[in-house]
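In: curious how this folds, go ahead:
(one chain, ligands or ions: 2)
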Amino acid sequence: MYHLEVKNLSADYGGHKVLNDVSFTVDKGAIVSLIGPSGSGKSTILRVLAGLLPPVSGEILLNGTPVNYRDRGDVKAVRDCLTIVFQQFNLFQNMTALQNVTVAPVKIRKRNRKDVEEEAVELLKKVGLGHKLNAYPDQLSGGQQQRVAIARALALKPEILLLDEVTSALDPELVQEVLDTIRMLASEGMTMLTVSHEMGFVKEVSSKVLFLDGGCIVESGSPRQIFDHAEELRTRQFLGKVL
Ligand code: ADP
Ligand code: MG
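Out: Ligands and ions are numbered 1, 2, ... in the order given. Sure thing, here's the model as predicted:
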């Protein structure tokens, strides 16, 4: 059984079609990477999966069970289990790192504050920020802020983490520390769907790579297949490997 299965997914914005018959599977513990030109629909896939944009058609199965994205209960359940982290960290500026991580589990999930705080401290330690618990976002570097954002997502105990260009807003010297955090999560078996422009990283960590163009999956395969033996001209053009 797949952790996530997407079948013939189509989505649009106000009638303008941006995803066209997209199908793929994600195994438990896999990292599946979406690559492709700007506007090809990568973020839209993550948005649909996270329950932020209802699909027009298609089927999405989580642990083998179909999710009805038009049913509020199903959408709530899916939001509890697929958590998205964005390029812009969107931390609450008036809250400390610790408060940023605890706020949703306490206020929205209504969990016990003390339990949540203990977990949040552990999560912040895990992403290398045990010494910054009480720092405010403007006292943290971009890489540190993004790691707080990842800890905040993990505090919701997601089954699948959706990462949308989480290093794209960072200065080059801060990219590695965030990639290291993702590597650590991968080694712990977290299932992840990532959009990234860090091609070296995508090649290194991905279980599977999907190349998108114009709202369609043009080609998918292992990193080796896509990066070294792409069959489609468009894939090779995108990767700059046209003879
Ligand atoms: P990518 O993440 O690959 O750059 P997106 O999924 O963001 O691509 O966008 C896919 C297409 O949908 C693009 O043509 C983009 O202009 C369009 N689009 C994205 N967001 C919106 C929106 N909120 N409203 C209308 N069109 C959008
Ligand atoms: Mg995008």
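In: name the helix or strand of the protein that has the lowest mean pLDDT.
Out: Every helix and strand of the chain was ranked by mean pLDDT, DSSP states H and E. The lowest is helix 72-81, at a mean of 92.
In: give me the distance from that one to the chain's centre.
Out: Counting by C-alpha atoms, centre = their mean, to the nearest Å, helix 72-81 is centred 17 Å from the centre of its parent chain.
In: secondary structure element for the one residue in the chain that gets nearest to ligand 2?
Out: For the chain, the residue closest to ligand 2 is S43, as judged by C-beta to the ion, at 3.2 Å. Backbone N, C-alpha and C define where each C-beta goes, glycine included. Applying DSSP states H and E as the criterion places S43 in helix 42-49.
In: so which residues make contact with the host helix or strand of V32?
Out: Per DSSP H and E, V32 falls inside strand 31-35. By C-beta atoms under 8 Å, 6 or more residues apart in numbering, the residues outside strand 31-35 that reach it are 24, 26, 42, 45-46, 182, 186, 191-197, 199, 202, 205-212, 226, 238.
In: mark which of these are buried, thanks.
Out: The neighbour count (16 or more other C-beta atoms under 10 Å) marks 24, 26, 42, 45-46, 182, 186, 191-196, 202, 205-212, 226, 238 as buried among the contacts of strand 31-35.
In: mind listing the strands for the chain?
Out: Along the chain, counting by DSSP state E, strands occupy 4-13, 16-26, 31-35, 57-62, 65-66, 82-85, 160-164, 191-195, 208-213, 216-221.
In: can you redo those as a markdown table with distance to A230 and mean pLDDT?
Out: Conversion of the strands of the chain to a markdown table gives the following (distance: least, C-beta to C-beta, whole Å; pLDDT from 0 to 100):
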| stretch | distance to A230 | mean pLDDT |
| --- | --- | --- |
| strand 4-13 | 22 | 98 |
| strand 16-26 | 17 | 97 |
| strand 31-35 | 11 | 98 |
| strand 57-62 | 25 | 96 |
| strand 65-66 | 32 | 96 |
| strand 82-85 | 28 | 96 |
| strand 160-164 | 23 | 98 |
| strand 191-195 | 18 | 98 |
| strand 208-213 | 8 | 98 |
| strand 216-221 | 6 | 98 |
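In: same list (those strands) but as TSV, adding distance to ligand 2.
Out: Shown next, in TSV, are the strands of the chain (distance: least, C-beta to the ion, whole Å):
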stretch	distance to ligand 2
strand 4-13	13
strand 16-26	11
strand 31-35	9
strand 57-62	19
strand 65-66	26
strand 82-85	11
strand 160-164	6
strand 191-195	6
strand 208-213	10
strand 216-221	15
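In: need those strands in JSON lines with distance to N112, can you?
Out: Shown next, in JSON lines, are these (distance: least, C-beta to C-beta, whole Å):
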{"stretch": "strand 4-13", "distance to N112": "30"}
{"stretch": "strand 16-26", "distance to N112": "32"}
{"stretch": "strand 31-35", "distance to N112": "32"}
{"stretch": "strand 57-62", "distance to N112": "27"}
{"stretch": "strand 65-66", "distance to N112": "29"}
{"stretch": "strand 82-85", "distance to N112": "20"}
{"stretch": "strand 160-164", "distance to N112": "24"}
{"stretch": "strand 191-195", "distance to N112": "27"}
{"stretch": "strand 208-213", "distance to N112": "38"}
{"stretch": "strand 216-221", "distance to N112": "43"}
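In: same list, those strands, but as JSON lines with distance to ligand 1 please.
Out: JSON lines is the format used below for those (distance: least, C-beta to the nearest ligand atom, whole Å):
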{"stretch": "strand 4-13", "distance to ligand 1": "3"}
{"stretch": "strand 16-26", "distance to ligand 1": "4"}
{"stretch": "strand 31-35", "distance to ligand 1": "8"}
{"stretch": "strand 57-62", "distance to ligand 1": "15"}
{"stretch": "strand 65-66", "distance to ligand 1": "23"}
{"stretch": "strand 82-85", "distance to ligand 1": "12"}
{"stretch": "strand 160-164", "distance to ligand 1": "7"}
{"stretch": "strand 191-195", "distance to ligand 1": "6"}
{"stretch": "strand 208-213", "distance to ligand 1": "7"}
{"stretch": "strand 216-221", "distance to ligand 1": "12"}
